[in-house]
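Q: Following is a predicted model, sequence given first.
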Amino acid sequence: MRIALVQVASPDDETPQRRRERVGRMVADARGADLVVLPELWAVGYFSFDSYPEAAESLDGPTVTLAREWARALDAHVHLGSVIERDARGRLFNTAVLLAPDGTVAQTYRKIHVFGHASREAELLTPGDRVAVAGTVGMTTCYDLRFPELWRAMVDHGAESAIVPAAWPAARREHWRLFTSCRAVEEQLLLIACNAVGTQAGVELAGTSRVVDPWGTVLVEAGVDEGVTTCEVDPAVVAKTRAEFAVLKDRVLPMPLAGGAR
């Protein structure tokens, strides 16, 4: 299976419409991939908080509609990263969307852990409340990397791989590397993480999008510039790893709190 990670910059002086057009040309360079993945909130720019209400769209809005065309043109699954979704009640969500090769929506995921540290995401957006797994593909977003209970829940629902779009700052790049490797090993899955690049509202993004296998081997890591990074993955690697080193089968549950000395 061929995976393409499309690192996108979201400069403050570029409109979402122009960015969608530009990113469409980047995505076209991923032809031949089976799965194309983009970063978190690239169309509006994660740190463009004042623009969230104006940029919000439904799941048949401009970003998803255009990405449907990309999926059909490439005959590939496209994970468009995430968009600011406005629901029928007017609530805003950070919603990731996975599209099938025929352009249909295979799965959506509303980010559960909205970020509040030096960010207005938690102020502006409603957190999701559902784990999302499409077949054997789990979906999380950025800050979710820091919450292992979500990852174990995905595995319990059948996930063998997980896609992580992100807008992770350069100031915490080593945390990005640590958590993407740790979650892949801990959950014995294939982790596919695509991060934003460039500078938004004075915040430098880390880039270094990566694919990590269940043994913790980094199959590819991108640099810090815009562009498309690809790698080949053996789809059987997860089953082989879990059969060879059956950590997940050795879990002991439940775990009651120990009492006093015996």
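A: It's in.

Q: could you pull out the strands for the stretch 151-262 of the chain?
A: 161-166, 190-195, 199-200, 203-204, 210-212, 218-221, 227-232 (DSSP state E, counting those that start in this stretch).

Q: wait, which of these is closest to residue 4?
A: Ranking these by proximity to residue 4 (CB to CB) places strand 227-232 first, at 4.8 Å. C-beta: built from backbone N, CA, C; applies to glycine.

Q: Could you name the helices and strands sitting against the closest one?
A: Judged by 3 or more CB pairs under 8 Å, 6 or more residues apart in numbering; DSSP states H and E, the packing partners of strand 227-232 are strand 2-7, strand 218-221.

Q: Show me the contact partners of the shortest one.
A: By CB atoms under 8 Å, 6 or more residues apart in numbering, the surrounding residues in contact with strand 218-221 are 5, 181, 208-213, 229-231, 233.

Q: strands paired with that strand, and their directions?
A: Next to strand 218-221 in the sheet, as set by DSSP bridges, lie strand 210-212 (antiparallel).

Q: what does the partner strand contact?
A: Applying CB under 8 Å, 6+ apart, the external contacts of strand 210-212 come out as 3, 5, 177, 180-181, 184, 190-193, 218-222, 231, 233.

Q: Narrow the residues you listed to those that are buried.
A: Listed as buried from those are 3, 5, 177, 180-181, 184, 190-193, 218-222, 231, 233; burial here means 16 or more other CB atoms under 10 Å.

Q: Please report the average pLDDT across stretch 80-88, rounded to a whole number.
A: For stretch 80-88, mean pLDDT is 98.

Q: what residue ranges in this structure score low on pLDDT?
A: Residue ranges of the chain with pLDDT under 70: 260-262.

Q: In it, which helix is the longest?
A: Taking DSSP state H as the criterion, the chain has its longest helix at helix 173-187.

Q: which other residues reach that one?
A: With contact meaning CB under 8 Å, 6+ apart, helix 173-187 is reached by 145-146, 148, 151-152, 154-155, 159, 162, 164, 166, 168, 189-191, 193, 195, 206, 208, 210, 212-216, 218, 248.

Q: So how do I select the buried members of the residues you listed in ChimeraX?
A: Buried residues among those (16+ other CB under 10 Å), as a ChimeraX selection:
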select :145,151,152,154,155,159,162,164,166,168,189,190,191,193,195,206,208,210,212,213,214,218
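
Q: returning to what we had before: just the buried positions in the longest helix of the chain, please.
A: 173, 176-177, 179-187.

Q: swap in stretch 99-113?
A: Those would be 99-101, 103, 105-113, for stretch 99-113 by 16+ other CB under 10 Å.

Q: Residue 76: which of the residues you listed is nearest?
A: residue 101 (5.6 Å).

Q: what about residue 73, distance to residue 57?
A: Taking CB to CB, to the nearest Å as the measure, residue 73 falls 21 Å from residue 57.

Q: Looking at the two now, which is surrounded by more residues?
A: Set residue 73 next to residue 57 and count neighbours by other CB atoms under 10 Å: residue 57 wins out with 19 against 15.

Q: What backbone torsions are found at residue 214?
A: phi -60, psi -20 (degrees, to the nearest 10).

Q: wait, doesn't it sit right on residue 237?
A: Yes. Counting by CB atoms under 8 Å, residue 214 touches residue 237, with 6.3 Å between them.

Q: Okay, helices next: where are they in the stretch 1-150 of the chain?
A: Per DSSP state H, counting those that start in this stretch, the stretch 1-150 of the chain carries helices over the ranges 16-28, 52-55, 62-74, 121-124, 148-156.
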